[in-house]
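**Q** using only what follows, build the 3D model:
(one chain, ligands or ions: 1)
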Amino acid sequence: MSKTPPVPDDRSYHLAEWRKSSNNAYLTRLLEPLDVKPGAVVLDVGCGSGYVSAYFSRDKTVRRNLAVDLVPQTLRLARELSLERAQGPIQWICGQAEQLPVGTSSVDHLVCRVVLPYTAITRAVAEISRSLSDGGSVLLQLHPWTLYARKLSLNPRKWKTSIALMLILLTGVIFHFTGVLFRPSVGRWRIGETFQTLSRMRALLRRHELSIYRIQSHPEFLVYAMKYQNSGRAPSA
Ligand SMILES: C[S@@+](CC[C@H](N)C(=O)[O-])C[C@H]1O[C@@H](n2cnc3c(N)ncnc32)[C@H](O)[C@@H]1O
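**A** Below is the predicted model:
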């Protein structure tokens, strides 16, 4: 069954992201709050074109640089592109955010940019928490509701897109109020994505021992969180 647009495994989308992300200063600003420690294991979940892993490959203090994506051809593209920019080994792994192919507490810093909106989000967050070491950090880039609302159109020729967008908004509202994610189908379309709100994400992350320490709403919706220390209490950060 096809997904609602934009299709996240689209080659031209990934190539555009790869070009956009050639800006080192931007990536440094984005990833700095993760506070990557020497000897760390880093993981990009839903790596797409692999620009985050290419960036990490230049940090010689990173011990293991892992990248996971669901789509084999996306991983092939990422591997090819990394030949241009990467400066160290990257382990490309085909796998699912909802069942991460890594050990428990084996990852120190994790990035997951514009992937959770397409996943079974509760399972994916549980997996992120499981794979992170105590005190490990994660960057999540999420979809705000405005991303979909501003694409709504009164143009009658765009009625299919508008219905899909309204269903996405409805799934997001249900997720916000109940924490339940449902994916309705319209004909051959399955509504394969949802928006996230800060309050729902805060509750979900807390349930999985992750505490938010930094938030950015604009121009990208970014949430940085830290895995609780052994005590099981939220870190003070
Ligand atoms: C919108 S793209 C973002 C790619 C990349 N993170 C970036 O910032 O450009 C979403 C990516 O997540 C991957 N993806 C979607 N659902 C996934 C899942 N359940 N598990 C792992 N990867 C997934 C897609 O194949 C795609 O590469």
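**Q** distance check, Arg150 against His143.
**A** Using C-beta to C-beta, to the nearest Å, we find Arg150 at a distance of 12 Å from His143. Every C-beta, even on glycine, is put in place using the N, C-alpha and C of the backbone.
**Q** neighbour count: these two, which is higher?
**A** The neighbour comparison of Arg150 against His143 (other C-beta atoms under 10 Å) goes to His143, with 18 against 10.
**Q** what's that one in contact with, if anything?
**A** Counting by C-beta atoms under 8 Å, 6 or more residues apart in numbering, His143 makes contact with 114, 117, 193-196, 221.
**Q** pick out the most distant pair among the residues you listed.
**A** Greatest spacing in these, by C-beta to C-beta: Glu193 and Phe221 (13.8 Å).
**Q** in a helix, that's where Ala126 is, yeah?
**A** Yes: looking at Ala126 with DSSP: H, G, I helix; E, B strand; the rest coil, it is inside a helix.
**Q** closest to the ligand out of the contacts of His143?
**A** Val114 (4.2 Å; C-beta to the nearest ligand atom).
**Q** on contacts alone, who are the packing partners of the top strand by length along the chain?
**A** Scanning the chain for the longest strand, with DSSP state E as the assignment, gives strand 132-142. On a contact count with 3 or more C-beta pairs under 8 Å, 6 or more residues apart in numbering; DSSP states H and E, strand 132-142 meets strand 107-113, strand 210-216, strand 221-227.
**Q** among those strands, which comes closest to the ligand?
**A** Nearest of these (C-beta to the nearest ligand atom): strand 107-113, 3.6 Å.
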